[in-house]
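Q: Have a look at this prediction, sequence included:
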Amino acid sequence: MNCRSTSAEGWFRRRFASPLLGLLRQGLEPDRLAACLTLGLLLGVFPVLGTTTLLCAAVAVVFKLNVAAMQAVNYVAYPLQIGLLAPLMQAGGYLFGRHGQAVSPRVLSLLVHGGWMHAFHLLAWLTLQAVAAWLLLAPPAAAVFYLLLRSLLRRIASQRAQAKEVA
């Protein structure tokens with residue numbers, strides 16, 4: 001293993017995994033933490049840049065979830081959000097029967113040479129298509145992620161409880 005991956009793994013563990021597992025030690029139920037992490041990821045990849053922090057905060061407040069846990073996942077998910085923009089735009093294009101319109105060389109040329117108003121309209125349409133694809137794909141993905149994460153967190157909480165009893 002090279003030094004860079006060890007450093008990244010250490011950063012991830014120190015800055016992300018350990019604080020979240022600390023929430024389990026402080027009494028946050030595994031099901032609630034799984035919900036926070038799932039919703040943080042789900043909203044963290046929402047395909048409208050600049051909206052995810054507010055969305056995560058609002059959902060956390062409305063559903064009385066841990067804001068810090070949701071925001072942590074939201075921030076970690078940012079590269080994933082950027083990486084999913086083009087595929088979600090492409091999937092949205094298929095939903096609306098506009099195959100291949102999203103992020104093609106032709107579209108990029110229109111953005112550069114078509115004037116700012118045309119670029120705004122085109123980006124707004126592509127974003128709406130991406131949101132439609134996200135609305136279709138995110139709930140089933142979130143359900144699977146939640147169930148897996150809940151199972152993992154329950155196991156971790158159970159192991160910690162057993163270790164406490166032995167000690």
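A: Looks like it came in fine.
Q: rest of the way, CA atoms for contacts and neighbours
A: OK.
Q: residue boundaries of the strands in the chain?
A: Applying DSSP state E to the chain gives no strands.
Q: how about the helices in it?
A: Applying DSSP state H to the chain gives helices spanning 3-12, 18-25, 30-44, 52-62, 67-76, 78-95, 105-113, 116-166.
Q: what helices or strands is the longest one leaning on?
A: Counting by 3 or more CA pairs under 8 Å, 6 or more residues apart in numbering; DSSP states H and E, the packing neighbours recorded for helix 116-166 are helix 30-44, helix 78-95, helix 105-113.
Q: got those as a markdown table, with mean neighbour count and distance to residue 71 columns?
A: Shown next, in a markdown table, are those (neighbours: other CA atoms under 10 Å; distance: least, CA to CA, whole Å):
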| stretch | mean neighbour count | distance to residue 71 |
| --- | --- | --- |
| helix 30-44 | 24 | 6 |
| helix 78-95 | 19 | 11 |
| helix 105-113 | 13 | 32 |
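Q: Least confident of these, on average?
A: If you rank these by mean pLDDT, helix 105-113 sits at the bottom with a mean of 67.
Q: remind me which residues of this structure are low pLDDT?
A: In the prediction, the chain carries residues with pLDDT under 70 at positions 1-6, 8-27, 99-112, 114, 167.
Q: Let's check: the centremost residue of it is which one?
A: The chain has residue 41 as the residue nearest its centroid, 2.6 Å off, counting by CA atoms, centre = their mean.
Q: residues contacting that one?
A: 70, 73-74, 77 (CA atoms under 8 Å, 6 or more residues apart in numbering).
Q: Repeat the analysis, applying 10 Å as the threshold.
A: Contact analysis of residue 41 by CA atoms under 10 Å, 6 or more residues apart in numbering lists 35, 52, 56, 70-78, 80-81, 138, 142, 145.
Q: cool, and residue 143?
A: Here residue 143 is in contact with 35, 38, 149 (CA under 10 Å, 6+ apart).
Q: wouldn't residue 119 be in contact with residue 113 here?
A: Yes: between residue 119 and residue 113 there is a contact at 8.7 Å, judged by CA atoms under 10 Å.
Q: Report the separation between residue 159 and residue 153.
A: Separation of residue 159 from residue 153 (CA to CA, to the nearest Å) stands at 10 Å.
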